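Chemist: Fold the following and give me the result.
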Amino acid sequence: MDPVPDDPAGVPSRGTPAGVSPPPGELGDLLRLSARGDQAAFATVYDATAARVHGLVLRVVRDRAQAEEVTQEVYLEVWRQASRYDAARGSALSWLMTIAHRKAVDRVRAAEAATRRDENYHHSHQVPAHDATAEAAHASLEARRVRTALTQLTDVQREAIQLAYFGGYTHTEVATLLDLPVGTAKTRIRDGLIRLRDAIGVGR
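Modeler: Numbering: from 1, shown residues only. A predicted model of the protein is given here:
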């Protein structure tokens, strides 16, 4: 699963051994070199981060073939957009993992949209049963309650909850993306869940 830059020079050569992560500052330097067309630097970024990126994508899309495709798309975008990395806004790994998560979610949404189109076509050719209509209405009300409850969280709680429970990240990954200690990330998620539960009215 080699990166394929959109560049006439072709595919960059392999860099450091796979799975050997450079220090965070060095990863940012490698991205800046990649932005200048340094294929060896880009290959090093790929080797150091591909396993983590692929693992995240796979957790979101839940299909190995699609995860391979999305991972390639991630590194193609990293190669093209490396100049947009800004160290002042976060770590290089956070920037890269955010791209990976967005690409994976886009793939899932595209698949869901295709499924909805098929389902809509199917349902348009039959009269919906009363129970199905009631169930859909109930699900819509529940979704509205959750969205309303999310607005009552603090910004930091909402961000942590969305990453952990809607984005599929582990607590450790949430901490990395938000540049927080793992304990702080866990606290934000826990407090957010408590507040979300109270806002929705669970147990009343």
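
Chemist: Just the residues contacting the helix or strand containing residue 173, thanks.
Modeler: Assigned by DSSP states H and E, residue 173 belongs to helix 171-177. Residues from elsewhere that reach helix 171-177, judged by Cβ atoms under 8 Å, 6 or more residues apart in numbering: 56, 90-91, 93-94, 97-98, 160, 163-164, 169, 180-182, 184-186, 189. (Each C-beta comes from the backbone N, C-alpha and C, glycine too.)

Chemist: Among the residues you listed, which ones are in helices?
Modeler: Those of the contacts of helix 171-177 mapping onto helices are 56, 93, 94, 97, 98, 160, 182, 184, 185, 186, 189, per DSSP state H.

Chemist: Who's the closest spatial neighbour of residue 69, skipping the chain neighbours?
Modeler: Using Cβ to Cβ, 6 or more residues apart in numbering and skipping the chain neighbours, the partner closest in space to residue 69 is residue 107 (7.8 Å).

Chemist: Please identify the helix or strand for the residue sitting nearest the centre point of the chain.
Modeler: Centroid-nearest residue in the chain, with Cα atoms, centre = their mean: residue 101, separated by 1.7 Å. Taking DSSP H and E as the definition, one finds residue 101 inside helix 92-123.

Chemist: What residues sit buried inside that helix?
Modeler: Residues of helix 92-123 classed as buried by neighbour count (16 or more other Cβ atoms under 10 Å): 92-97, 99-101, 103-105, 107-108.

Chemist: same question, stretch 29-49
Modeler: Quick answer for stretch 29-49 (16+ other Cβ under 10 Å): 30-31, 33-35, 38-39, 41-49.

Chemist: hmm, which two among those residues are most spread apart?
Modeler: Checked with Cβ to Cβ, the buried residues of stretch 29-49 reach their widest spread between 35 and 47, with 17.9 Å between them.

Chemist: Low-confidence stretches in this structure?
Modeler: Counting by pLDDT under 70, the ranges of the chain that qualify are 1-25, 118, 121-146, 165-167, 200-204.

Chemist: Using the record's assignment, carve it into domains.
Modeler: 1-126, 128-199 (automatic domain parsing).

Chemist: just the buried members of the contacts of helix 171-177?
Modeler: Buried among the contacts of helix 171-177 (16+ other Cβ under 10 Å): 56, 90-91, 93-94, 97, 160, 163-164, 169, 180, 185-186, 189.
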